[in-house]
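[1] based on what follows, work out the 3D shape:
(4 chains)
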Protein chains: 2
Amino acid sequence: MTSPRSPRTGSPADGSHGRHGADGVGGPSVRVPERGIPEATVARLPVYLRALTGLSERGTATCSSEELAGAAGVNSAKLRKDLSYLGSYGTRGVGYDVEYLRYQIAREIGVTQDWPVVIVGIGNLGHALAKYSGFSSRGFRIVALLDADPRRQGEEVAGLGVRPFEEVDALVERHRVAIGVIATPAVAAQEVCDRLVAAGVTSILNFAPAVLSVPEGVDVRKVDLSIELQILAYHEQRKTLADVLDGTPVASGAVRS
Amino acid sequence: MTSPRSPRTGSPADGSHGRHGADGVGGPSVRVPERGIPEATVARLPVYLRALTGLSERGTATCSSEELAGAAGVNSAKLRKDLSYLGSYGTRGVGYDVEYLRYQIAREIGVTQDWPVVIVGIGNLGHALAKYSGFSSRGFRIVALLDADPRRQGEEVAGLGVRPFEEVDALVERHRVAIGVIATPAVAAQEVCDRLVAAGVTSILNFAPAVLSVPEGVDVRKVDLSIELQILAYHEQRKTLADVLDGTPVASGAVRS
DNA sequence: AGGAGTTTGTGAACGGGAGAACAAACCGAG
DNA sequence: CTCGGTTTGTTCTCCCGTTCACAAACTCCT
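    Model prediction:
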């Protein structure tokens, strides 16, 4: 039984995507082609997709790996290697057909279909996410906004009413939701996560500053605003520190007392 | 001259933090202790910091690497190695003093001081960021909200008025701002970025779905909501695909037509 | 004081990703 | 048809990060 109700293992959920445990014990199963695309490559495919969309809108029919790499902000060798995991979609001496490659990447990622998504926690961030147009335009459709606070329920955001969190099971089942977004305060995050998983959600995007534990087979990605700032602060501190020790006169704006 | 006005190189800005170019040619400079903390470790330090804060609030005075690792969602060996880059702050046979370690990490990251920050682009996301309490509570102080749209200017958000973007130079200089947040539409992002850098900002957190080019010495971190969702979609697609090919009956909520 | 039990800090093996470099393949001109 | 120019796909090497395993160091109990 790999039901969503299986006991939660203290799995990392730090970005290492828990593959199915069905490894090794599996019988003579048919084995999916196993084009195991490296995680680092998967993370870049959406960037390439966006760059290709840009080129396409500008009317470009064909592009070289150099051009595309420039638009995506990566090394051209890396780009070619990434694309080679998907197959040989380019033509030597010519380059890549923009539309064709765009479709192939979209298909590989899975955004040719569109994915129903629920957002839990309609506070400041939840509002912004609900109204963010970048989701709908890229293969994702927000089908429900949930919040535990009765004062928020009933409010209309981006054409959708905010529903009580208790309806999570019914909504997830009705719309076949596989992806959930958590934008609640940190204290509520784990509980919300458990309920989402129990309802059948198997991928979670977590904006709450909390570490989530999930059963195997459930993917969690974390977006943490203050952590990003702290990483910048670290480098910033080292920059000014190095400048001071080097005796290099620093630019006025960068001086720190 | 490493002034912010130096010509922009087409540097990646994909997370590879451009170290100062002053490497190799440097004379007999004093060289900062060069405790080069690995990038992966730096990214985890804020997580440890948060976990320690949690333990501290719960009244824990001491913790083992195992406990802390559990709270931070990582492997205990990794945690110990990460901490070892900062120094030997633990006691064998005992563990770590929560308060002491907390301070050491905070100091290393640079959040014992507080960092003035400007936010550019006060749309949906900008609003949410301005009101997000997680910033102020963690060593960051929002000193200005900027927007190019006159209709947004003057509006009061989180106790701060929205100012015209033209004031960026004055504000950055007056408050000694080193960190800027971009929450504008994609088309405006590069221009805003250039202006910020010209004004003296040397670290940028970018929420716009665009690739930014910056001069060397400027750090950019990107947070892209739809890319995160697309990565989840990829894994989700593979999950259901694998299940179908394996003939494994999938849980009801996870079925996809 | 000594020994058993814990827990840290680190050396070493291992795996994955990045980048350089090159052979294979394609186009177009003559 | 052949040849030069161009661009992809891939191989090889290096480096970073993760993990294991263990010696060193500390506490507590007898």
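[2] give me the low-pLDDT residue ranges for chain A?
    Across chain A, residues meeting the criterion (pLDDT under 70) sit at A:1-35, A:242-257.
[3] all helices of it, in order?
    A:39-57, A:65-72, A:76-86, A:98-109, A:124-131, A:133-136, A:168-175, A:186-199, A:225-246 (DSSP state H).
[4] pick the most buried one from those.
    Among the helices of chain A, helix A:124-131 has the highest mean neighbour count (mean count of other CB atoms under 10 Å in any protein chain shown), at a mean of 22. C-betas here are computed from N, CA, C, even on glycine.
[5] and the closest residue in space to residue A:60 that isn't next to it in sequence, what does it touch?
    Distance criterion CB to CB, 6 or more residues apart in numbering or on different chains; nearest residue to residue A:60, sequence neighbours excluded, is residue A:98 at 5.6 Å. Residue A:98 makes contact with A:52, A:55-56, A:60-63, according to CB atoms under 8 Å, 6 or more residues apart in numbering or on different chains.
[6] now, which of these lie close to DNA strand D?
    The residues of these that also fall near DNA strand D, by CB under 7 Å from any atom of the strand, are residue A:63.
[7] can you redo the contacts of residue A:98 as CSV with distance to residue A:207?
    What follows is the contacts of residue A:98, written out as CSV (distance: CB to CB, whole Å):
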residue, distance to residue A:207
A:52, 28
A:55, 31
A:56, 31
A:60, 35
A:61, 39
A:62, 39
A:63, 35
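[8] around DNA strand D, pick out the residues from the stretch 51-200 of chain A.
    A:63-66, A:76-77, A:80-81, A:83-84, A:88-96.
[9] now stretch A:187-206, how far from the centre of its chain.
    16 Å (CA atoms, centre = their mean, to the nearest Å).
[10] picking that back up, from residue A:43, how far out is the residue nearest to residue A:60?
    22 Å (CB to CB, to the nearest Å).
[11] swap in residue A:69?
    16 Å.
[12] over to residue A:207?
    Counting by CB to CB - residue A:207 and residue A:43 are separated by 18 Å.
[13] likewise for residue A:163?
    For residue A:163, the distance to residue A:43 equals 32 Å [CB to CB].
[14] name the nearest residue to residue A:218, sequence neighbours excluded.
    Closest to residue A:218 by CB to CB, 6+ apart is residue A:202, at 5.2 Å.
[15] that neighbour: neighbour count?
    25 (other CB atoms under 10 Å in any protein chain shown).
[16] residue A:217 is in contact with that one, correct?
    Yes. Taking contacts as CB atoms under 8 Å, residue A:202 lies within contact range of residue A:217: 6.5 Å.
[17] so what sits against both of those two?
    Jointly contacting residue A:202 and residue A:217 under the rule CB under 8 Å, 6+ apart are residue B:239.
[18] show me how chain A divides into domains.
    Following automatic domain parsing, chain A resolves into domains at A:39-109, A:115-223, A:226-257.
[19] please identify which of these is closest to residue B:156.
    Across those, residue B:156 has its closest neighbour in domain A:115-223 (15.1 Å, CB to CB).
[20] end-to-end on the closest one?
    Chord length of domain A:115-223, first to last residue, is 20 Å (CA to CA, to the nearest Å).
[21] from the chain's centroid, how far away is it?
    Worked out by CA atoms, centre = their mean, domain A:115-223 lies 14 Å from the chain centre.
[22] contact residues of chain A facing DNA strand C?
    Contact residues, chain A versus DNA strand C (CB under 7 Å from any atom of the strand): A:38-41, A:74-75, A:77-78, A:80-81, A:91-94.
[23] same thing but 6 Å
    Contacts of chain A with DNA strand C, taken as CB under 6 Å from any atom of the strand, map to A:38-40, A:75, A:77-78, A:91-94.
[24] residue A:155: neighbouring residues, count only.
    By other CB under 10 Å, neighbour count at residue A:155 equals 13.
[25] for residue A:41, which non-adjacent residue is closest in space?
    Excluding its sequence neighbours, the residue lying closest to residue A:41 (CB to CB, 6+ apart) is residue A:82, at 4.5 Å.
[26] OK, contacts around the one you found?
    If you count contacts by CB under 8 Å, 6+ apart, residue A:82 has them with A:41, A:44-45, A:48.
[27] contacts only, for residue A:203.
    Applying CB under 8 Å, 6+ apart, we find residue A:203 in contact with A:178-180, A:218-221, B:232-233, B:235-236.
[28] and the nearest residue to it once chain neighbours are set aside, how far from residue A:62?
    Spatially, and ignoring its direct neighbours in sequence, residue A:203 is nearest to residue B:232 (4.1 Å; CB to CB, 6+ apart). Here residue B:232 is placed at a distance of 31 Å from residue A:62 (CB to CB).
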